[in-house]
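Engineer: I'd like to go over a predicted model; first the sequence, then the structure.
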Amino acid sequence: MPGIKRTTPAGCTVTVCRDCCCGNARKHPKVDHDGQLVRLRESLPAPHQVRVSECLDACAEANVIVVHPEPGARRRGARAVWFGLVGDDAVEEDIAAWVRAGGPGVAPMPAILELSVLRR
């Protein structure tokens, strides 16, 4: 609402696909899918939010994680960044560290994460 000043910081929203391919133990038997959600939620406390989505239609790139910018960065033109093939703990940790640093439009993306970005 106009004229109302936000008193709490806003964070990024992290969407984790969990449907037909992403989160599928048959497709990715070496990935701890439930553990991935737990670790992301633990490493990204408020004001960030980790949510689960049904199919994001990028099945060939499972597991998919989307990082949405915090509202201020979005107003300045930042857009969501899609990551694919996130089955490795190191990639998951790098995404979480980038989100804690501010995420899209706030913190520069580490070069190593560029390797996992999906060009939609």
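Structural biologist: Yes, it's here.
Engineer: Touching, A10 and P47? I think so.
Structural biologist: Yes. Using CB atoms under 8 Å, A10 is in contact with P47, at 5.7 Å. Quick note: C-beta positions are derived from backbone N, CA and C, even for glycine.
Engineer: Need the overlap of contacts for those two.
Structural biologist: Among the neighbours of A10, those also in contact with P47 (CB atoms under 8 Å, 6 or more residues apart in numbering) are E70.
Engineer: Poorly predicted segments of this protein, please.
Structural biologist: Regions of the chain meeting the criterion pLDDT under 70 cover residues 1-8.
Engineer: what about the helices in it?
Structural biologist: Taking DSSP state H as the criterion, the chain carries its helices at 33-43, 71-75, 89-101, 111-114.
Engineer: Distance to C21 for those - can I get that in a markdown table?
Structural biologist: Converted to a markdown table, those look like this (distance: least, CB to CB, whole Å):
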| stretch | distance to C21 |
| --- | --- |
| helix 33-43 | 11 |
| helix 71-75 | 28 |
| helix 89-101 | 17 |
| helix 111-114 | 21 |
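Engineer: neighbour count winner among A10 and P47?
Structural biologist: With neighbours defined as other CB atoms under 10 Å, A10 and P47 compare such that A10 has more, 15 against 12.
Engineer: what's that one in contact with, if anything?
Structural biologist: Contacts for A10 (CB under 8 Å, 6+ apart) come out as P47, E70, P71, G72.
Engineer: Go again with 6 Å.
Structural biologist: When the contact criterion is CB atoms under 6 Å, 6 or more residues apart in numbering, the partners of A10 are P47, E70, P71.
Engineer: Show me which of these is closest to R100.
Structural biologist: Among the contacts of A10, P47 lies closest to R100 (CB to CB), at 10.8 Å.
Engineer: Leaving out sequence neighbours, find the closest residue to that closest one.
Structural biologist: Spatial nearest neighbour of P47, chain neighbours left out: G11 (3.4 Å); criterion: CB to CB, 6 or more residues apart in numbering.
Engineer: Against R26, how distant is that neighbour?
Structural biologist: G11 sits 33 Å away from R26 when distances are taken as CB to CB, to the nearest Å.
Engineer: For A25, see how far away V81 is.
Structural biologist: Using CB to CB, V81 is found at 26 Å from A25.
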